[in-house]
Every structure is written in structure tokens, then in C-alpha cells.
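Chemist: next input, structure requested:
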Amino acid sequence: MFTIDDLADRLGGYLPLDEIQQVKRAFYYAEQAHDGQCRRSGEPYVTHPLAVSNILANMHMDYQSLMAAMLHDVIEDTGITKDALARQFGEPVAELVDGVSKLTQITFEDKAVAQAENFQKMVMAMSKDIRVIIVKLADRLHNMRTLGALRPDKKRRIARETLEIYARIAGRLGINTIRIELEDLSFQAIYPMRAERIKRAVSKARGNRRTMIRLVQTTLQNCLDDDDLPGTVIGRQKHLLSIYRKMRDQRKPFTEIMDVFGFRIITDNVDSCYRILGAVHNLYKPVPGRFKDYIAIPKANGYQSLHTTLFGTNGIPIEVQIRTREMEAMANNGIAAHWLYKAGQTEHPIALGSHARAREWVRGLLEMQRQAGDSLEFIEHVKNDLFPDDVYVFTPRGDIMELPQGATVVDFAYTVHTDIGNHCIACRIDRHLAPLSTRLESGQTVEIITARGARPSLAWLNFVITAKARSAIRHALKNQQRSESIQLGQRLLDRALADYTTSFKELPEEPMQKLLHEFNMAHPDDLLESIGLGTRMAHAVARRLAANDLQEMTHAVTSPGGPVVINGTEGMVISFARCCHPLPGDSVIGHLSIGKGIVVHRSVCRNIIELRNEPDKLLTLEWSPDISGDFPVALRIAMESRRGLVAELASLVTDADANIERVGIEERDARLSLVNLTLAVRDRVHLARIIKRIRNLHNVDKVTRVHN
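Modeler: Numbering: from 1, shown residues only. Just a heads-up that it's a prediction; the model follows:
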């Protein structure tokens, strides 16, 4: 069994004696605190923190991280407090332990909420000290190595959480040794039979192809030696989940996946990397389009390497990665390389850059956390942010911006700055105007055009893919909805208060504060928002505000005031019913729908007739004479079936300055077809002009406006 003395011997390779003594002291403290506690496997509990510390020692982490690993379960599983740890081992270690510790057992309605809350707490701790996440990853890795004692359903739940969150974070921070092992252990827990079959197939294939792999490796090494290029060639094996994902995504059998051999060439400096690339391209022909230069443009997690794929012997593709020793350490340890070089009393630029990028990422997480509606929404954003393939595009000044595969112009705008995203109205890609929904490709130059009064659109959520953009759009829409709800709420309340010959602004302070206290609200805007969203009735609030005594309240006029005017610019708090498609010029009535504000219906709509039994929620509406915009309307056209029918209708509608939003054709019989058309028009007059044109078409039998 691995002991504290074994760990101390390993730490002697890079830590001074006094720091090793501090780590040993933390171990003995944890051993005493966990005395009598055992893991499910039956081992003493202290074997777990010791194993976690050993994982961190392999990464050359500093002594405070190792002490925190020893003590990381003390707060949660024993009676020892954070203050007691701070007195014993200092504030930095106590903060690390508190960051890694799980939340106190709070009862949540659902485990997903509990996990999301725990993750949010961890992000807050990461923002103070990035070492928190490294200790947490080592803790999760040892837990995954020892899953065997748990029930199968619990194994799968923990494995899925590990795969979705912790393995991706390890990848985001560049700690690939931990990421790969977490992925494979999770895969084996979720799909044990698939993992076992792939493992056996890999073992068998490696035996069958050992000669081929050795031949390629020897050929590559001889090529370097002949050209006096410093470098060591290492064969590398694809890990289980990587093989499984390729088989699944590319729908290929195992034999085809294993045809790709992987080799890594480790050299001394960047200049040698490019010279070796030229040498191997002379030896084997490169596969077009499969070269990637991550040295010139590193990944967001600091990863640097040259990647190329070659046509090997008998046309078998060979994957080759070329990198320096520092890049190799960075690829394996990621942000932990910061402490690896620190332990050697030097700060390598690669490690420093990784540390800065990690801090930038955590700052981005904090911004998302502030904007997210709840912990589940936040964790969904984080999952989306971790970790797709990248696209590199340029700003007009030549700065490189890194975005995930499939990112759009709006994603780019929010990556530059949240304010630019919120106010963007158009863009130029390589100096040509393009839609905001355009998916970006590497090498493009993107210029964002903004306007001060512009606001995000709800439709953007249908195509943005980055977590920052999605989070910022939702946050802006929530604020926009609140602002619009407050404005509508004031209009409705003023209309109701007109019966009492007063208005919202003329109300005395005392009755307003009294009512806010009754409703448990902090500000009058909260009350106006609830009225605008339909959760409170304006006339009921007006009666409460205006009634100084019972007599005045009894004799108050309760009939509604004048109609509410629709301007068409109310945004998210006034919507138009899809059942009857009201247009400017129609007689309309409003229904207060909880959470939506006012829903506008035609007065003859059957749905609104059914709501007449709720008169408190009905409002008289009228259209503003200055209203503008496009409104949907549904038409049903009965006409003879013939070729070119839809094209002719589309041309007619376009000539009439309208747009077709939806079209569908039903065959009534061998001769007649029914065309269901949804158009965007300005008002009833515009619609009448279009209907007249359609009726003049040859073979049109009947045109009717559809409403329920």
C-alpha cells in the first residue's frame, strides 16, 4: 500500500524539506480527523486523500495544494471547521479546502439542482484560487478509479457528471493526462461491455500490427538522424473513448479506425519543430487539408503542437504530432505546468500564458454566473462552452479571435465585448455585408456594425452556440422584458387610476409604500412589472391605492377607462394571438396573460369569447394611427391544381410588397387544391389589396382570411 513516506520520497525530487514536513503534518492531521472512517471498499478513509496528493505530486503541484488534498474532506466529513484549519495550516490552505469541499447537505428537489449549486460554489472558489479546480480534478480522478464498490446506477450517474463537467474542465485547462483517464474511466462505467470489447480489439490489433508500428517508428527516427535533427519518436495509442466516438460519429468499423497510427516527435526548440515537419513531409506524402499549426496559433488552453497526417506504407494514414519538451509538459499538465516550472524556480512563458488564459476563462464563468437565471441554466452554459473544435477569425485590426466550430457573427460580437453583441445590427465578412446568423470559417476578417439603440433579438438564441453569447442575450432580454413590462404596467395603472382622477406619478408616498409592504415588494417598479406581466390586475391595485377609507372604496367608479393604445413598439410585453392574427384596422381586444403581458385578439375570435367569463383580464384596445411593422395573417385559397402555382403566388405577393412566411398545399380532389398561405402585411388595407390581386389570378375559385 502507498504510504506517506513513499509520497515524501517522491516530493523530495522538487520540494524543500520544510514544505514536505508541512505536507506530512497535514496527512497526520487528516488521519486523526478521519479515524474510524472507512471507504466503501473497506480501506481506511485516509487512503483517499493520500492518493489524491500522489496524483498532484505527479504534476509537481506546490505544497499548499498537496496539504489541501490531504485535508479536502475534513470540513465535510468531520466536525472540524474552516477556522480551525486556518489556525492550524494558514488561511490559503483553509480557503483551498473550503473551495474543494462540497456544499453542506442542503435538501434540493432534484439532484441536478444540487450538483449545479455545488459547481457554482466551486467556480466562486476557483475565481479566488485556480488551484481549487486542480485539487478537485485529482479528487474526482481517484474517485473514478475506485468506483467498483458502488451500485451500477450510482456509477453511471457519477460517470456522466464526470464526462460532462470534470473531463471537459480538465481539457479546457489543458490537463490532458487527467482528461484522458477521466474519459476512459467514465466510458467504462457507462458502457462496460462496449469498453471491454474495444479494449480487447485494441490489444489484438496492437499485436497484429506491432511490426508495422515498429517499422514506421524506426523509419521516422532514421529520417531525423540522417538530417541531424534533434528529436525522439514515440508511438502513441488512441484512448478508448476517442476510438468509440470515431466509430459512432463516422459510422466506421473498428478496423478502419485502427488504420490510423499515431506518433509524437519531441524535440528541443520551435525551429526544430518546423524543420522536422519538412523532413517527414519529404519522407511521406502529407494528406491535403490535414495540417494544423497550433504553435503559431495555440489553443485556448495553451496547447501547442504541429499536427499532420501522412500517407504511410501501403497508403495507411499516419498521424504525427511535433512539439518541444516544454509543449509536451504543457500538453500533459496544462495549467499545472505553471507550478511545475515554478517548482524549478523558473517561469516558462508557455506556463505563464496558460495560467493567464485559465484566469480569463474563470472570469468568463463568473460573468455567465451573474447573468444566468439559475444554477441549472448556468451549468448548461458551461457544458456548451466545454470544449468543441475551434475556428480562428480576425478583427479588422488583425487580432485573432478563437471561437468554437459553428460559431456565428453574433457569437463573434459577444466574444469581442458584451456591449458590442448587445448593439450589433449588421456585419461585414471580408468586407462584404453578411447576415448575423452566418457561420464563420477560419481565416475570415469580421467587422461588426453597431447602433446605439439596437437590442438583442429573441431569434438570436436559435443560432448562437457560445455560452457567453447565449447567457448575455438571455440576460439582456430579461432586462428588456422588465423595462417593457414596467412601461406597460404604468400605462395600465394610469388607465385604471383615471377613474379616481389621479395617476401613478400623482400618488402619495404613504399608500404606495403600504401596498408594497403588503405585497412584499421593494420598489414601485416591481409592482408595475407584475401589472405589465399580468400577474396582478391594474384595476384591483388602483382600488387598493386610491381607497383612503371604506366609503370611498365602495363608491369608486369601477368601469374601465379609455382603451389602451397599441403602438407596435411595445416589444416583448404585447404579443399578437396566432389563432386569429389581428391586423391594424381590425376591432381588437386584449387579454392579460400571466407572464406574457397583453395578448391581442380580434374581437370576433372564438378564444376571446370563451374568456368573457374573466372580465377582469380583458382590456379594450385600439390601434395607434402611427403604427408600423409587419403582422402575420393566414389566407386559404381554393384554386385549380396546375404546375407553377406556388411560384406565381410568391411572385404576386412579392410585387405587392409583402412576404410569405409559410405555405402549404392540400389536394381537395383531382381538380381543386387548397393553398394555406401565411403572409406578413402592414394592415387591413394592405391585405385587401393582396386578396384582390389573388382573386384576379386565373383559376382562383375562392380566397378567405382564416380565423377561428
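Chemist: just name the shakiest helix or strand of this protein by mean pLDDT.
Modeler: Counting by mean pLDDT, DSSP states H and E, the weakest-scoring helix or strand in the chain turns out to be helix 550-555, with a mean of 39.
Chemist: list the helices and strands the top helix by length along the chain packs on?
Modeler: Longest among the helix segments of the chain by residue count, using DSSP state H, is helix 467-497. Under the contact criterion of 3 or more CB pairs under 8 Å, 6 or more residues apart in numbering; DSSP states H and E, helix 467-497 touches helix 349-371, helix 375-385, helix 409-416, helix 418-422, helix 524-532, helix 538-546, strand 564-566, strand 597-602. Every residue, glycine included, has its C-beta placed from N, CA and C.
Chemist: let's see it at 6 Å
Modeler: helix 349-371, helix 375-385, helix 409-416, helix 418-422, helix 524-532, helix 538-546 (3 or more CB pairs under 6 Å, 6 or more residues apart in numbering; DSSP states H and E).
Chemist: sort out which residues of that helix are buried, please.
Modeler: 467-477, 480-497 (16 or more other CB atoms under 10 Å).
Chemist: where are the low-confidence patches of the stretch 401-550 of the chain?
Modeler: Low-confidence segments of the stretch 401-550 of the chain, defined by pLDDT under 70: 499, 546-550.
Chemist: please repeat the previous calculation with a cut-off of 90.
Modeler: Of all residues in the stretch 401-550 of the chain, those with pLDDT under 90 make up the ranges 401-406, 415, 417-418, 425-426, 430-435, 437, 441-445, 451-463, 465-550.
Chemist: for the stretch 201-350 of the chain, same thing?
Modeler: Using pLDDT under 90, the flagged stretches of the stretch 201-350 of the chain are 201-217, 235-262, 287-292, 294-304, 309-319, 325-350.
Chemist: give me the neighbour count for the closest residue to residue 83 other than its chain neighbours.
Modeler: Spatial nearest neighbour of residue 83, chain neighbours left out: residue 94 (7.6 Å); criterion: CB to CB, 6 or more residues apart in numbering. Residue 94 is flanked by 22 other residues according to other CB atoms under 10 Å.
Chemist: can you pull the buried residues of stretch 581-595?
Modeler: Residues 581, 582, 583, 584, 586, 588, 589, 590, 591, 592, 593 are the ones in stretch 581-595 that count as buried (16+ other CB under 10 Å).
Chemist: quick check: the third one touching residue 685?
Modeler: In other words, residue 583. No - using CB atoms under 6 Å, residue 583 is not in contact with residue 685, being 9.3 Å away.
Chemist: in a helix, residue 321, correct?
Modeler: No - with DSSP: H, G, I helix; E, B strand; the rest coil as the criterion, residue 321 is assigned strand and is not in a helix.
Chemist: so what's it up against?
Modeler: By CB atoms under 6 Å, 6 or more residues apart in numbering, the contact list for residue 321 reads 264, 305, 307.
Chemist: distance check, it against residue 296.
Modeler: Look at residue 321 and residue 296: by CB to CB, to the nearest Å, they are 15 Å apart.
Chemist: what does residue 219 give?
Modeler: Separation of residue 219 from residue 296 (CB to CB): 27 Å.
Chemist: between those two, who's got more neighbours?
Modeler: More crowded of residue 219 and residue 296, by other CB under 10 Å: residue 219, with 16 against 12.
Chemist: what about the nearest residue to the more buried one once chain neighbours are set aside, neighbour count?
Modeler: Residue nearest to residue 219 in three dimensions, not counting chain neighbours: residue 283, with 7.0 Å by CB to CB, 6+ apart. Residue 283 is flanked by 16 other residues according to other CB under 10 Å.
Chemist: next: residue 285.
Modeler: Counted with other CB under 10 Å, residues neighbouring residue 285 total 11.
Chemist: what residues are bridge-paired with it?
Modeler: On the basis of DSSP bridges, residue 285 is bridged to residue 311.
Chemist: related to what we said a few turns ago, I figured the residue nearest to residue 219 hits residue 223, correct?
Modeler: Yes - judged on CB under 6 Å, residue 283 makes contact with residue 223 at a distance of 4.9 Å.
Chemist: residue 579 belongs to a strand?
Modeler: No - secondary structure assignment places residue 579 outside any strand; it is coil (three-state DSSP).
Chemist: was I right about it contacting residue 607?
Modeler: Yes - the pair residue 579 / residue 607 is scored as a contact, 5.2 Å apart, by CB under 6 Å.
Chemist: for the stretch 1-150 of the chain, which residues score under the pLDDT cut-off?
Modeler: 1-3, 10, 12-15, 34-45, 58-62, 72-82, 92, 95-134, 136, 146-150.
Chemist: name the residues that touch stretch 140-150?
Modeler: Contacts of stretch 140-150 (CB under 6 Å, 6+ apart): 40, 41, 51, 52, 55, 155, 162, 166, 178, 185, 189.
Chemist: who's in contact with the fifth one?
Modeler: When contacts are counted by CB under 6 Å, 6+ apart, residue 55 is found next to 138, 141.
Chemist: ok, now with 8 Å
Modeler: 138, 141, 142, 178 (CB atoms under 8 Å, 6 or more residues apart in numbering).
Chemist: pull the CA atoms of the one helix or strand it maps to into CSV?
Modeler: Using DSSP states H and E, the element containing residue 55 is helix 47-58. Below are the C-alpha coordinates for helix 47-58, written out as CSV (Å, rounded to 0.1, in the frame of the first residue of the first chain):
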residue,chain,number,x,y,z
THR,A,47,-6.0,6.3,1.8
HIS,A,48,-8.2,8.5,-0.4
PRO,A,49,-6.6,12.0,0.4
LEU,A,50,-3.2,10.3,0.3
ALA,A,51,-3.9,9.0,-3.2
VAL,A,52,-5.2,12.4,-4.3
SER,A,53,-2.0,14.0,-3.1
ASN,A,54,0.0,11.5,-5.0
ILE,A,55,-1.8,12.4,-8.2
LEU,A,56,-0.9,16.1,-7.6
ALA,A,57,2.7,15.1,-6.8
ASN,A,58,3.0,13.6,-10.3
